[in-house]
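Asker: A structural model of the following input is requested.
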Amino acid sequence: MDKKVISNEILFAAVKDLVDEGRPVTIRPKGDSMLPFIHSDRDSVTLERVSGPLSVGDIVLFRYKGKYIMHRIYAIGKDGITLMGDGNLNVMEHCTASDVIGIVTGLTKGNGRRIKPGKARVWRTMKPLRRWLLAIYRRI
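Answerer: As a prediction, this is how the structure comes out:
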C-alpha cells in the first residue's frame with residue numbers, strides 16, 4: 001500500500017470533525033513523547049469524543065499553541081488542565097477542556113494486540129527517575 005503524507009492541519013481538522021460527530025478515529029501517532037507506552041509509527045490509538053468528565057491519567061489529543069499533541073493528563077484545576085508526555089522529563093502543557101479534541105479509548109500495539117489504556121499511576125509517581133528509566137528502556 002502506498003503512503004500519503006498530509007499536513008497535520010488537514011489531518012487533525014478531519015479527526016476533530018469525525019470525533020465531534022461521535023465517530024471513533026484510529027491514528028498512528030508520531031514522536032517519542034509517549035514512550036514507553038505508545039511507540040511512534042508502530043502502535044495506533046483510537047480517539048473518541050469525551051463523553052464524561054476527564055480525569056488524571058487520561059490520554060487526550062488537544063490543541064496547544066497551534067499544534068496538535070497527544071499527552072497524559074497530570075492535573076485538573078480551576079485554571080485548566082496540565083498535561084505531560086510519558087516520555088518527557090520536564091515539559092508540561094496547559095490547556096482548557098475546550099482545547100481537548102478527543103480521548104484515547106483504545107491502543108493497538110504493533111503486534112496487533114488491543115488494550116485499553118491505563119492511567120499510568122506508578123509511572124506518574126516515578127517522574128524523578130524517568131531520565132534513567134527511559135535511558136535504560138531505549139537501550140534494550
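
Asker: Need the three-state assignment for residue 33.
Answerer: The three-state label given to residue 33 by DSSP: H, G, I helix; E, B strand; the rest coil is coil.

Asker: okay, now the residue nearest to it when sequence neighbours are not counted: neighbour count?
Answerer: Excluding the flanking residues, the one nearest residue 33 by CB to CB, 6 or more residues apart in numbering is residue 85, at 3.1 Å. Every residue, glycine included, has its C-beta placed from N, CA and C. Residues contacting residue 85 under the criterion other CB atoms under 10 Å number 21.

Asker: Next one: residue 85 from residue 134, what distance?
Answerer: 11 Å (CB to CB, to the nearest Å).

Asker: related to what we said a few turns ago, surely the residue nearest to residue 33 meets residue 72?
Answerer: Yes. Between residue 85 and residue 72 there is a contact under CB atoms under 8 Å: 7.0 Å.

Asker: Mind listing the shared neighbours of those two?
Answerer: Between them, residue 85 and residue 72 share these contacting residues under CB atoms under 8 Å, 6 or more residues apart in numbering: residue 34.

Asker: Helix or strand: which one has the closest residue to residue 79 other than its chain neighbours?
Answerer: Closest residue to residue 79 apart from its sequence neighbours, by CB to CB, 6+ apart: residue 94 at 7.5 Å. When elements are assigned from DSSP states H and E, residue 94 belongs to strand 93-95.

Asker: Show me what that strand is packed against.
Answerer: strand 59-64, strand 80-84 (3 or more CB pairs under 8 Å, 6 or more residues apart in numbering; DSSP states H and E).

Asker: hmm, who's touching it?
Answerer: 62, 63, 64, 69, 71, 79, 80, 81, 82, 83, 84.

Asker: Next, the buried residues of stretch 41-57.
Answerer: 43, 44, 45, 46, 47, 48, 49, 50 (16 or more other CB atoms under 10 Å).

Asker: ok, the second one - contacts?
Answerer: Listed by CB under 8 Å, 6+ apart, the contact partners of residue 44 are 26, 27, 28, 29, 107, 108.

Asker: if you set the cut-off to 10 Å instead, what comes out?
Answerer: Contacts for residue 44 (CB atoms under 10 Å, 6 or more residues apart in numbering) come out as 26, 27, 28, 29, 38, 106, 107, 108, 109, 110, 114.

Asker: Good, wrapping up.
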